[in-house]
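J.: Following is a predicted model, sequence given first.
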There are 2 protein chains.
Amino acid sequence: MAITKAKLFDPSQKRSAELMKALGHPARIAIIELLADRETCFCGDITDELPLAQSTVSQHLKALKKVGIITGEIDGVRTCYCLSEEGIQEINELLIPLINDVTTKNKENCC
Amino acid sequence: MAITKAKLFDPSQKRSAELMKALGHPARIAIIELLADRETCFCGDITDELPLAQSTVSQHLKALKKVGIITGEIDGVRTCYCLSEEGIQEINELLIPLINDVTTKNKENCC
DNA sequence: ATATTTAATCGTAAATATACGATAATCATA
DNA sequence: TATGATTATCGTATATTTACGATTAAATAT
């Protein structure tokens, strides 16, 4: 059957996946936690806390920045990275409904 | 300086990343949404809704099941997939603190 | 018993992600 | 101006992911 299979993924699904994917690595979770604790925000400080090379940490920071979860602005010879409120808010807005849907609708009737 | 770099990623960070990674693809987001809407739960029905081959959908279902976000149990010749309350709850518990940390602590002082 | 339906798995190709060291670029300092 | 500190980027090797068609396996129907 399956007359059409034309329905592609919609922008919201793609955006959700993009954000989730950016969080899909222990190093990037660790970075988020570090920034949330606000003990530090320079690339070098973050590198000191992670079991990874500087270039690798820089790559992870770039990935988080690209999707809008963090911001990074140059401050002299260093770069200060901070969590982006907008990005975190977006994660919040995309995930919470999903979680709510599940916990309310899925209580009784599965196979 | 960076005297030691011994601290590896902790289990919670790895688990969070594992769950986020599983959600890091539009097809898997779409599957979660389909299952939350509870219109269907058999692999074939899901395949009909997605722009992907049956074998690919089966792979995505396997990935979601592996990390505990969905369950799948054989029902005759078909397999019924359902969202796992435990899995969703875990996502909830791991993400909410992170989001809260951010939105409360990160208000004022960034670079 | 044979055919059909459904889903999982296999094999594989192509793309993406991850990690590192080396290098380059930029700013601050001597 | 030269040096040092900091971070980004380049080049590259390896691993993982994603996708597909073909095949297999299992249950049901004929």
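T.: Everything's here; your move. Numbers count the residues shown, from 1 in each chain, chains lettered A, B, ... in the order given.

J.: what separates the host helix or strand of residue A:45 from the chain centre, distance-wise?
T.: Per DSSP states H and E, residue A:45 falls inside helix A:43-49. With C-alpha atoms, centre = their mean, to the nearest Å as the basis, helix A:43-49 stands 19 Å off its chain's centre.

J.: How about that helix and DNA strand C, any contact?
T.: No: using C-beta under 7 Å from any atom of the strand, helix A:43-49 stays clear of DNA strand C, coming no nearer than 9.5 Å. Glycine gets a C-beta too; all of them are placed from N, C-alpha and C.

J.: same deal with stretch A:14-34?
T.: Yes: interface with DNA strand C: stretch A:14-34 contributes A:21, A:24-25, A:27 (C-beta under 7 Å from any atom of the strand).

J.: just checking, what packs against the helix holding residue A:45?
T.: Using 3 or more C-beta pairs under 8 Å, 6 or more residues apart in numbering or on different chains; DSSP states H and E, the elements in contact with helix A:43-49 are helix A:26-37, helix A:54-66, strand A:78-83.

J.: Neighbours of residue A:49, how many?
T.: A count of nearby residues for residue A:49, using other C-beta atoms under 10 Å in any protein chain shown, gives 18.

J.: wait, it sits on residue A:34?
T.: Yes: counting by C-beta atoms under 8 Å, residue A:49 does reach residue A:34; the two are 6.0 Å apart.

J.: Overlap in contacts, those two.
T.: Taking C-beta atoms under 8 Å, 6 or more residues apart in numbering or on different chains as the criterion, residue A:49 and residue A:34 both touch residue A:40.

J.: Which residue comes closest to residue A:14 once chain neighbours are left out?
T.: residue B:26 (5.0 Å; C-beta to C-beta, 6 or more residues apart in numbering or on different chains).

J.: re earlier: nearest to residue A:68 among the residues of stretch A:14-34 next to DNA strand C?
T.: residue A:21 (12.8 Å; C-beta to C-beta).

J.: pLDDT-wise, which helix or strand of chain A ranks last?
T.: helix A:85-105 (a mean of 80; mean pLDDT, DSSP states H and E).

J.: Tell me which other helices or strands that one touches.
T.: Helix A:85-105 is packed against helix A:11-22, helix B:26-37, helix B:85-105, with contacts defined by 3+ C-beta pairs under 8 Å, 6+ apart.

J.: which residues are contacting the second one?
T.: Spelled out, it's helix B:26-37. A:9, A:13-14, A:16-17, A:20, A:98, A:101-102, A:105-106, B:22-23, B:40-41, B:46, B:49-50, B:52, B:56-57, B:60-61, B:63-64, B:69-70, B:81-83.

J.: Distance from the chain centre to it, please.
T.: That offset, for helix B:26-37, works out to 10 Å (C-alpha atoms, centre = their mean).

J.: Taking helix B:11-22 as reference, get the angle to it.
T.: For helix B:26-37 against helix B:11-22, the angle by axes from the mean of the first three to the mean of the last three C-alpha atoms, to 10 degrees is 90 degrees.

J.: now could you export just the CA positions of helix B:26-37 as CSV?
T.: C-alpha atoms of helix B:26-37 as CSV (Å, rounded to 0.1, in the frame of the first residue of the first chain):
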residue,chain,number,x,y,z
PRO,B,26,14.9,13.8,12.2
ALA,B,27,13.6,10.3,11.6
ARG,B,28,14.0,9.4,15.2
ILE,B,29,12.3,12.6,16.3
ALA,B,30,9.5,11.8,13.9
ILE,B,31,9.2,8.3,15.3
ILE,B,32,8.9,9.7,18.8
GLU,B,33,6.2,12.1,17.7
LEU,B,34,4.3,9.3,15.9
LEU,B,35,4.4,7.1,18.9
ALA,B,36,3.4,9.9,21.2
ASP,B,37,0.3,10.5,19.0
